[in-house]
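J.: What follows is a predicted protein model with its sequence.
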Amino acid sequence: EAQVTQNPRYLITVTGKKLTVTCSQNMNHEYMSWYRQDPGLGLRQIYYSMNVEVTDKGDVPEGYKVSRKEKRNFPLILESPSPNQTSLYFCASSWGQGRGNYGYTFGSGTRLTVV
Amino acid sequence: GNSVTQMEGPVTLSEEAFLTINCTYTATGYPSLFWYVQYPGEGLQLLLKATKADDKGSNKGFEATYRKETTSFHLEKGSVQVSDSAVYFCALSGDNNDMRFGAGTRLTVKP
């Protein structure tokens, strides 16, 4: 089954404790992206990657890191989480980008709480 | 920059009512346009898309037409069901290699 797999689904952590949210896709998509979803703010892009070893900042990259060492994986790293990073996070992948984007496939989401 | 504006919710309808959720966009060039749906506790799913002016995207009884002259992509369904209750997001993908989302519209359909 074609899918984007995120782990974990739920995570509660303490301020300052480094964490990684994993994302893996099995569709050979080149384009991958991370979003956060907050009430009243919709989805905001954190980082995206157009291919292996090619990443770029989205609208809200502060406090986050990513890497793209393999085509299928695109982990999101919070080196020193803070309470304002409490949110619902989605990983997404797609064929093409820009006007050639065929539409995202989304993961099921990771609900992160930082206390 | 590119942006999407969609009607604020929540929207509450009775079963079999007609649905319209308005979406307008601002973009340079000719973006691709999308509607996504998010059911409770799940990720977003692609509902339909259109890639050029006058294209009509359709899926599961939902339709939306790419109107370049009014920069709009309104979502419609002739007869909604309780199972259509969800949050609907309009989105565009343009020249900047990102996908821009509207704020989402929550739809509740009552029996």
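T.: Sure, I can see it.

J.: need the contact list for the residue nearest the centre of chain A.
T.: Closest residue to the average C-alpha location of chain A: A:W34 at 2.7 Å, with C-alpha atoms, centre = their mean. Under the criterion of C-beta atoms under 8 Å, 6 or more residues apart in numbering or on different chains, the contact partners of A:W34 comprise A:23, A:45-48, A:58, A:64, A:66, A:74, A:76, A:89-92. Heads up, the C-betas are built off the backbone N, CA and C, glycines and all.

J.: So which of the residues you listed reach chain B?
T.: A:Q45, A:Y48, A:G58, A:F90, A:A92 (C-beta under 8 Å from any C-beta of the partner chain).

J.: Same list (these) but as TSV, adding neighbour count.
T.: Shown next, in TSV, are the ones next to chain B among the contacts of A:W34 (neighbours: other C-beta atoms under 10 Å in any protein chain shown):
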residue	neighbour count
A:Q45	20
A:Y48	24
A:G58	19
A:F90	24
A:A92	27
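
J.: Go through those residues and name the one nearest B:F101.
T.: Here the nearest of these to B:F101, counting by C-beta to C-beta, is A:Q45; it sits at 8.7 Å.

J.: For the closest one, give its distance to B:E76.
T.: 28 Å (C-beta to C-beta, to the nearest Å).

J.: Below-threshold pLDDT in chain B: ranges please.
T.: Along chain B, segments meeting pLDDT under 70 span B:96-97.

J.: now, which of the ones next to chain B among the contacts of A:W34 lie within helices?
T.: Among those, DSSP state H puts none in helices.

J.: Please, where are all the strands along the chain?
T.: Assuming you mean chain A. A:4-7, A:10-13, A:19-25, A:31-38, A:42-51, A:54-57, A:65-66, A:76-78, A:87-94, A:105-106, A:110-114 (DSSP state E).

J.: The intended chain is chain B.
T.: B:3-6, B:11-14, B:19-21, B:23-26, B:32-38, B:44-50, B:56-59, B:62-65, B:75-77, B:86-93, B:99-101, B:105-110.

J.: Run me through the strand neighbours of the last one, direction for each.
T.: Looking at strand B:105-110 with DSSP bridges, its partner strands are strand B:11-14 (parallel), strand B:86-93 (antiparallel).

J.: now the fifth one
T.: Here strand B:32-38 is paired, per DSSP bridges, with strand B:44-50 (antiparallel), strand B:86-93 (antiparallel).

J.: contact partners of the longest one?
T.: Which is strand B:86-93. With C-beta under 8 Å, 6+ apart, strand B:86-93 has contacts from A:42-43, A:97-99, A:101, B:2, B:4, B:6, B:9, B:21, B:23, B:25, B:27, B:31-40, B:44, B:47, B:73, B:75, B:99-102, B:104-107.

J.: And for the shortest one?
T.: Defining contact as C-beta under 8 Å, 6+ apart, one finds that strand B:44-50 is touched by A:43, A:90, A:92, A:102-106, B:32-39, B:56-60, B:62-66, B:73, B:75, B:88-89.

J.: Check the gap between the residue nearest to the centre of chain A and chain B for me.
T.: The gap separating A:W34 from chain B is 12 Å, by C-beta to the nearest C-beta, to the nearest Å.

J.: For that residue, name its beta-bridge partners.
T.: Beta-bridge partners, per DSSP bridges, of A:W34: A:Y47, A:C91.

J.: got a list of contacts for stretch A:87-96?
T.: Contacts of stretch A:87-96 (C-beta under 8 Å, 6+ apart): A:4, A:6, A:21, A:23, A:25, A:27, A:29-38, A:43, A:46, A:74, A:76, A:101-107, A:109-112, B:43-44.
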